[in-house]
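Colleague: heads up, no residue letters with this:
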Ligand code: XBP
Ligand code: MG
């Protein structure tokens with residue numbers, strides 16, 4: 001089936017948001033709440049096992065801070081902390097501190113000219129997606145994407161396939177008409193679970209992940225003057241990801 005749509009993950013794929021974005025915002029929220037919790041770069045890598053910020057805080061308490069005397073209304077406590085984290089994170093985005101990864105703007109622009117449909121399938125909070133797109137693509141950045149599926153819109157976050165299934169249903173597309181672009185093992189488990197061919201662009205937190213099901217694994221999408229390194233798969237004679245290569249990868253068995 002001909003390729004109709006590109007389905008993008010956000011965190012780690014469109015932008016390197018985790019170490020210097022989400023992590024920093026979590027720590028700011030903890031400090032603001034008078035908590036002495038500090039998520040180091042290393043600890044945060046372990047906490048990324050769990051997608052979703054509220055889920056991540058709970059996982060931290062269950063596995064890394066079992067001594068903490070939990071409030072009776074734990075759910076509300078976590079929700080409050082997470083709201084504060086979202087405020088800090090979107091404030092950070094508004095400073096322009098987090099750029100798109102190499103190749104992302106070029107691929108999005110080429111895709112639009114080629115008439116491909118674009119969507120987002122992410123576990124992050126909708127306000128975070130809006131903030132990133134506005135601050136990197138401009139005020140109308142969100143309108144580049146036909147569907148933005150984010151956060152709690154489906155109850156089961158990645159690695160469950162639900163967010164991708166939801167996105168394709170909203171676009172009336174089948175999996176063989178789409179391709180997913182991801183950066184993490186939870187991400188590819190979700191996309192492969194939804195029967196999607198998947199392109200992987202790794203980052204420092206995900207380079208050790210299992211990407212054996214990926215159609216191609218790259219160190220970045222690259223730019224014409226900043227070639228990618230192919231970690232697994234076949235890029236032919238290409239030195240950066242473009243729509244032609246995305247279509248070739250999609251057509252392969
Ligand atoms: C991204 C995430 C997100 C962010 C935090 O995963 O795991 O949880 O770290 O976002 P993926 P929130 O890239 O696979 O979608 O705090 O808004 O939940
Ligand atoms: Mg990701």
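Modeller: Happy to help now that I have it. On a predicted model such as this, the values are computed, not experimentally measured, just so you know. Residues are numbered from 1 along each chain as shown. Ligands and ions are numbered 1, 2, ... in the order given.
Colleague: And the residue of the stretch 51-200 of the chain closest to ligand 1?
Modeller: residue 53 (2.1 Å; Cβ to the nearest ligand atom). No exception for glycine: its C-beta is placed from N, CA and C like everyone else's.
Colleague: Excluding sequence neighbours, find me the nearest residue to that residue.
Modeller: Using Cβ to Cβ, 6 or more residues apart in numbering and skipping residues adjacent in sequence, the residue nearest residue 53 is residue 82, 5.1 Å away.
Colleague: how far away is the one you found from residue 248?
Modeller: Residue 82 sits 41 Å away from residue 248, going by Cβ to Cβ, to the nearest Å.
Colleague: my guess is the residue nearest to residue 53 is in a strand, correct?
Modeller: No: assigned with DSSP: H, G, I helix; E, B strand; the rest coil, residue 82 falls outside any strand and is helix.
Colleague: neighbours around it, how many?
Modeller: Other residues near residue 82 come to 20 when the count uses other Cβ atoms under 10 Å.
Colleague: do the same with residue 230
Modeller: Other residues near residue 230 come to 16 when the count uses other Cβ under 10 Å.
Colleague: same question, residue 173
Modeller: 19.
Colleague: And the residue nearest to residue 53, how far from residue 34?
Modeller: Per Cβ to Cβ, residue 82 is found 16 Å from residue 34.
Colleague: Please apply the same query to residue 173.
Modeller: The value you get for residue 173 to residue 34, if Cβ to Cβ is used, is 47 Å.
Colleague: Look up which helix or strand residue 246 falls in, please.
Modeller: helix 243-251 (DSSP states H and E).
Colleague: Excluding covalently adjacent residues, which one is nearest to the residue of the chain found nearest ligand 2?
Modeller: Across the chain, no residue is closer to ligand 2 than residue 12, which sits at 3.7 Å (Cβ to the ion). In space, and not counting its chain neighbours, residue 12 is closest to residue 183: 3.5 Å by Cβ to Cβ, 6+ apart.
Colleague: I'd say residue 25 and residue 89 touch.
Modeller: Yes: taking Cβ atoms under 8 Å as the definition, residue 25 is a contact partner of residue 89 at 3.7 Å.
Colleague: Those two: who's more crowded?
Modeller: A count of neighbours by other Cβ under 10 Å puts residue 89 above the other of residue 25 and residue 89, at 27 against 24.
Colleague: Please identify the buried residues of the host helix or strand of that one?
Modeller: Applying DSSP H and E as the criterion places residue 89 in helix 74-94. Residues of helix 74-94 classed as buried by neighbour count (16 or more other Cβ atoms under 10 Å): 78, 81-82, 84-86, 88-90, 92-93.
Colleague: And stretch 55-73, by the same measure?
Modeller: Taking 16+ other Cβ under 10 Å as the criterion, stretch 55-73 shows 56-61 as buried.
Colleague: first to last residue in that stretch, what's the distance?
Modeller: Distance across stretch 55-73, first residue to last, is 15 Å (Cα to Cα, to the nearest Å).
Colleague: Now do that stretch: everything it contacts.
Modeller: Contacts with stretch 55-73, where a contact means Cβ atoms under 8 Å, 6 or more residues apart in numbering, come from 26, 37, 39, 43, 46-50, 74, 77-78, 81-82, 157.
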